[in-house]
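Sequence and predicted model, in that order:
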Amino acid sequence: MSRIVRATALTALCCLGLTGCGVASDVEEGLGEVREDLESAADEVMTDGELFTGSKTLTVDGGSVHVSCSGAPAAGRPVIVLMAGMGDGLDTMADLQRTLAEDDRVCSYDRFGEGESDPPSGPQTIADSGETLTAVLDDVSPDAPAVLVGHSLGGLIAARYAPDHPERVGGLVLLDATSPTMLDDITGVIPESATGEGAEVRAQNIAVFEGENPESLVIESDPLVRSAGDVPVEVVRHGVPYLGEIAEYGDELERVWAEGQEKWLELSGQSRLTTASESGHYIHVDQPGVAVEAVRSVVERAAG
């Protein structure tokens, strides 16, 4: 997304507000080989008790949820669970998964409406997404807290989940996570009287937050960030100010986005904020080394 040009900036903001809404074409091309690896792994699922490598389907509330796992468990180290943004399947996290699996057990999954999982049966809330996450954790990390790594909307879901489930979460990595007040921020910057591109950005984001998205997810702004205890938290925000491409409102949108990332620091007394200076919204694609370093830092701190 760091290479998004002016013509696609409108779509970029809609995607940024919640997630990827599907990766940009140049990023998509770079994921081709990774996607092929996943498809091959899906044909070679190996099980050993509850442990498996490759892909499988979980039944959650009568629907199918696609899950992928790689790597072997390491004594005393938590399982890592990757959570993609809205409009993205787990394949957008596959390169990160493959790298992290060199040292740790790593899993990812498609939420209802995304990737290879079933469509949602009706409107969903953040709490509903949390119930799906619980079902995944029951399968891939039933006996110990996991480290949740969420990009964009995946980060918002992880950050809302952790305070309510301290026994399930040993640490958090938020990669340009959707702000807890994103919709209020957008409508505060872009007034109802706006015209042209600004009006379209405002209207699109309102619609998406009201449930017009692949997950039928209704998302409410909530400025309260509840504590997840003293778990290690790494908040990583983008450093390429591409929202400046939005005519008239770009600079202010960048400002409120940065402020939203700072709000997530309230999750824990062990929260840290860094900036991926050469990255757009897809930090794990634009600067994978930054994402890997953040995850490994949290895993080490959680294991210690």
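Cool, got the structure. Numbers count the residues shown, from 1 in each chain.

any chance you could map the helices in the chain?
Applying DSSP state H to the chain gives helices spanning 9-18, 25-30, 32-42, 94-100, 126-140, 153-161, 182-189, 196-209, 250-263, 283-286, 288-303.

Would you mark the buried spots in the last one?
Using 16 or more other C-beta atoms under 10 Å as the burial criterion, the residues of helix 288-303 that qualify are 288, 290-292, 294-299, 301-303. Where you see a C-beta, it was placed from the backbone N, CA and C, and this is true even at glycine.

how near is residue 227 to residue 86?
To residue 86, residue 227 is 26 Å away according to C-beta to C-beta, to the nearest Å.

So the two - more neighbours on which side?
residue 86 (28 against 13; other C-beta atoms under 10 Å).

residue ranges with poor pLDDT in the chain?
The model of the chain has pLDDT under 70 over residues 1-50.

returning to what we had before: for the helices of the chain, which one sits closest to residue 75?
Between residue 75 and the helices of the chain, the shortest gap by C-beta to C-beta is with helix 288-303, which sits at 9.3 Å.

Now do that closest one: distance to the chain's middle.
The chain centroid and the centroid of helix 288-303 are separated by 15 Å, computed with C-alpha atoms, centre = their mean, to the nearest Å.

Quick one: list the elements packing against that helix.
helix 94-100, strand 146-151, strand 169-175, strand 233-238, strand 271-276, helix 283-286 (3 or more C-beta pairs under 8 Å, 6 or more residues apart in numbering; DSSP states H and E).

Can you lay out the ones you listed as TSV showing mean neighbour count and distance to residue 80?
Converted to TSV, the helices and strands packed on helix 288-303 look like this (neighbours: other C-beta atoms under 10 Å; distance: least, C-beta to C-beta, whole Å):
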stretch	mean neighbour count	distance to residue 80
helix 94-100	21	6
strand 146-151	29	5
strand 169-175	28	9
strand 233-238	26	12
strand 271-276	18	18
helix 283-286	26	12
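
CSV for these, including distance to residue 62?
Supplementary listing: these in CSV, determined by distance: least, C-beta to C-beta, whole Å:
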stretch, distance to residue 62
helix 94-100, 27
strand 146-151, 24
strand 169-175, 26
strand 233-238, 34
strand 271-276, 37
helix 283-286, 32
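
Of the ones you listed, which is nearest residue 263?
Using C-beta to C-beta, the helices and strands packed on helix 288-303 put strand 233-238 closest to residue 263, at 9.2 Å.

got the phi/psi numbers for the residue of the chain most remote from its centre?
Within the chain, the residue lying farthest from the chain centre (C-alpha atoms, centre = their mean) is residue 193, at 32.0 Å. Per-residue torsions, residue 193: phi -80, psi 0 (degrees, to the nearest 10).

Please give me every residue in contact with it.
Contact analysis of residue 193 by C-beta atoms under 8 Å, 6 or more residues apart in numbering lists nothing.

Can you tell me how far it is from residue 200?
Applying C-beta to C-beta to residue 193 and residue 200 gives a distance of 14 Å.

ok, now residue 81?
Distance, residue 81 to residue 200, using C-beta to C-beta: 35 Å.

And residue 173, by the same measure?
32 Å.

and if you look at residue 235?
29 Å.

and what of residue 85?
21 Å.

hang on, residue 94 packs against residue 68?
Yes: in this structure residue 94 lies within contact range of residue 68 using C-beta atoms under 8 Å: 7.5 Å.

Count the neighbours of the residue lying closest to residue 178 once chain neighbours are set aside for me.
Among residues not flanking residue 178 along the chain, residue 156 sits closest, at 4.0 Å (C-beta to C-beta, 6 or more residues apart in numbering). Other residues within reach of residue 156, judged by other C-beta under 10 Å, total 27.
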